[in-house]
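K.L.:
Sequence and predicted structure are below.
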Amino acid sequence: MLKKLLAPGKKEKAVIEDLTRHIKLLYSGLDAFERAFRDKDRDLMASIIDLEREADVIRRDVISNIYEGAFLPYLRPRLCRFAEVIDCVFDLLEDAAYQYLDLVIDASIQNYCTQIAALNERMCEMLLLSFETLMGGGDLRDKALAIRVYEKKVDDIKLDLVRDLRNVEVKTFWDGKALSDFVSSLTSVSDIIEDASDYLQVINVSMR
């Protein structure tokens, strides 16, 4: 049934290809963030801002193709919403990259942030597998479970990170706010990837 509903014509094929490209681009952004943070590579971190602009173009193409008639009407808002959720993750990643470029990260929280960045990347890899499985009419449950497990790990690390963050000395209120915003953006990425995974589950169930 699901394969039949998603059976691609020309417009449907374009949407599926663009959504796949959208998630792969997000994975590239998260991979770049993890490597840039670990290696303190500011140029690589700045490149994420260009990736976010590219992702915006893909999102607009997805929505445009959907509203030009790709897929059955009741599927269109769900697929548009999924593209928007992916875009929300990219917005958080871009915010974290911008904030990083204005910060000096204290050594006491460096390891926590590196671990979270690596888990965010793995979650996105699993999200891509989930999307490809959905398009193939397969079972998403094990991928969704893996994403929830990764998200729980991020939450656990976040508790330690926030505890140690209280001991980091900052010179001004604005320095402290910038650091807090950076941590908030970085640790929120996993929440939105989990939301995207849940949304795929909703699409999957609604097709049955």
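P.N.:
Thanks, I have it. Residues are numbered from 1 along each chain as shown.
K.L.:
roughly how far apart are residue 172 and residue 178?
P.N.:
9 Å (Cβ to Cβ, to the nearest Å). Using the backbone N, CA and C atoms, a C-beta is placed for each residue, glycine as well.
K.L.:
Quick check, central residue of this structure?
P.N.:
residue 89 (3.9 Å; Cα atoms, centre = their mean).
K.L.:
and the next element down the chain from the one helix or strand that residue maps to?
P.N.:
Residue 89 belongs to helix 76-101 when elements are defined using DSSP states H and E. Downstream of helix 76-101, the next assigned helix or strand under DSSP H and E is helix 107-135.
K.L.:
for the next helix or strand along the chain from that following helix, packing partners?
P.N.:
Note on helix 107-135: by DSSP H and E, the next helix or strand toward the C-terminus is helix 141-165. Helix 141-165 is packed against helix 107-135, helix 173-206, with contacts defined by 3 or more Cβ pairs under 8 Å, 6 or more residues apart in numbering; DSSP states H and E.
K.L.:
Off-centre distance for the helix holding residue 89?
P.N.:
6 Å (Cα atoms, centre = their mean, to the nearest Å).
K.L.:
And it, what does it pack against?
P.N.:
Looks like helix 76-101 contacts helix 10-39, helix 42-67, helix 173-206 (3+ Cβ pairs under 8 Å, 6+ apart).
K.L.:
Any chance of the helices and strands packed on helix 141-165 in a markdown table with mean pLDDT as columns?
P.N.:
Output for the helices and strands packed on helix 141-165, formatted as a markdown table (pLDDT from 0 to 100):
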| stretch | mean pLDDT |
| --- | --- |
| helix 107-135 | 96 |
| helix 173-206 | 93 |
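K.L.:
Output these in JSON lines, with mean neighbour count and distance to residue 167 appended to each entry.
P.N.:
Output for the helices and strands packed on helix 141-165, formatted as JSON lines (neighbours: other Cβ atoms under 10 Å; distance: least, Cβ to Cβ, whole Å):
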{"stretch": "helix 107-135", "mean neighbour count": "19", "distance to residue 167": "7"}
{"stretch": "helix 173-206", "mean neighbour count": "18", "distance to residue 167": "12"}
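K.L.:
Residue 51 is nearest to which of those helices?
P.N.:
helix 107-135 (12.6 Å; Cβ to Cβ).
K.L.:
So which elements touch the closest one?
P.N.:
Taking 3+ Cβ pairs under 8 Å, 6+ apart as the contact cut, helix 107-135 packs with helix 10-39, helix 141-165, helix 173-206.
K.L.:
Show me what the shortest one is in contact with.
P.N.:
Residues from elsewhere that reach helix 141-165 (Cβ atoms under 8 Å, 6 or more residues apart in numbering): 108-109, 112-113, 115-116, 119-120, 122-123, 126-127, 129-130, 133, 179-180, 183, 187, 190-191, 193-194, 197-198, 200-201.
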